[in-house]
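>>> Got a sequence here, can you model it:
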Amino acid sequence: MMLELKDINVFIKSSHILRDVSMEVDEGEVVCLIGRNGAGKSTTLRSIMGFLKPETGSIKFMGKDIIGLPPHEIALLGIGFAPEESEIFADLTTFENIEIATWTRKTTRTAEERIKLAYSVFPSLERYKGRKGTEISGGERKMLSIARALAMDPYLLLLDESFEGLSPAIIPQIASSIHQIAKMGHSILLAESNIYHVPDFIDRLYIIERGEIIFSGKPEELKHDRAVLRIVAGAA
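I've put the predicted structure just below:
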């Protein structure tokens, strides 16, 4: 198992945000975590990355317990993270944002190979490689955030709200790029609030509501669970 969360409970100040959350991502699998705003999706991803520490439960990556490790050490193990707000370096160019990821984690691929790979998935970014983060669109910043995470050459990618706030025209383009990444063999955990944005190549779904997992299964199985479907469809 690539990633395994078991019964994690996360508090932010006095608020109990995640309640006994358990989920898995297998090697080469694309998993989507769906929930309305405030349901606990970002908290789950940030807990995996070490920005938040669960009070109880375990998070294992490739068999290693990672709770308590700082985010940079978790990244070095092979987890790439593209946060909801993109969080690219605004003062750096597109090229520099991608290149900087190759400095942080050494793998069998050279920096040049990893940069080339990122551009092959997001070819439009290569046209803007000299532009700074403030000079590209919101959709391009989302692409750049994912491309930067990919340039780390991770085993697992965590993508938080990759389609949120984007025009309908660009969503299929980013979905296609994520599919490309999956076909390269990377495991992917997507967090999404809009069920209608969930790509059709997803292997498995988890639905989170008020910090609890209320559904786990194949996408086609969700169609038969009307109660859960009403919750996620109503949030879209």
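>>> only C-alpha atoms for contact and neighbour calcs from this point on.
Will do.
>>> mind saving the C-alpha coords of stretch 7-14 as CSV?
Output of stretch 7-14 as CSV, limited to C-alpha atoms (Å, rounded to 0.1, in the frame of the first residue of the first chain):
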residue,chain,number,x,y,z
ASP,A,7,-8.6,6.3,12.3
ILE,A,8,-7.0,9.8,12.3
ASN,A,9,-8.5,12.5,14.5
VAL,A,10,-7.4,16.1,13.9
PHE,A,11,-8.2,19.1,16.0
ILE,A,12,-7.6,22.8,15.1
LYS,A,13,-7.6,24.7,18.3
SER,A,14,-10.8,23.3,20.0
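>>> buried ones in it?
By 16 or more other CA atoms under 10 Å, the buried positions in stretch 7-14 come out as D7, I8, N9, V10, F11.
>>> Please look at the second one and M23 and confirm they touch.
Okay, so that is I8. No: the pair I8 / M23 is not scored as a contact, 9.7 Å apart, by CA atoms under 8 Å.
>>> What's the separation between S124 and N37?
30 Å (CA to CA, to the nearest Å).
>>> do the same with A90
26 Å.
>>> Same question for I88.
Using CA to CA, one gets 22 Å for the distance from I88 to N37.
>>> Compare the two (neighbour count), which wins?
Legend: neighbour count by other CA atoms under 10 Å for I88 and N37, higher for I88 (22 against 15).
>>> Could you list which residues are in contact with the more buried one?
N97, G133, R141, L144, S145 (CA atoms under 8 Å, 6 or more residues apart in numbering).
>>> Mind picking the lowest-pLDDT entry from those residues?
Confidence by pLDDT is poorest for G133 among the contacts of I88, given 85.
>>> pretty sure that one is touching S86, no?
No: with contact defined as CA under 8 Å, G133 does not reach S86; the gap is 10.3 Å.
>>> and the two? which has more neighbours close in?
G133 (24 against 21).
>>> Can you report phi and psi for that one?
In terms of degrees, to the nearest 10, the main-chain angles of G133 are phi -60, psi -30.
>>> need the contact list for it.
So G133 contacts I88, F89, A90, D91, L92, T93, T94, R141 (CA under 8 Å, 6+ apart).
>>> Just say helix, strand or coil for the last one.
Right, R141. Under DSSP: H, G, I helix; E, B strand; the rest coil, the three-state class of R141 is helix.
>>> Next up, the contacts around it.
By CA under 8 Å, 6+ apart, the residues touching R141 are S86, I88, G133.
>>> how about the closest residue to S47 other than its chain neighbours, secondary structure?
Excluding its sequence neighbours, the residue lying closest to S47 (CA to CA, 6 or more residues apart in numbering) is K53, at 5.9 Å. Following three-state DSSP, the label given to K53 is coil.
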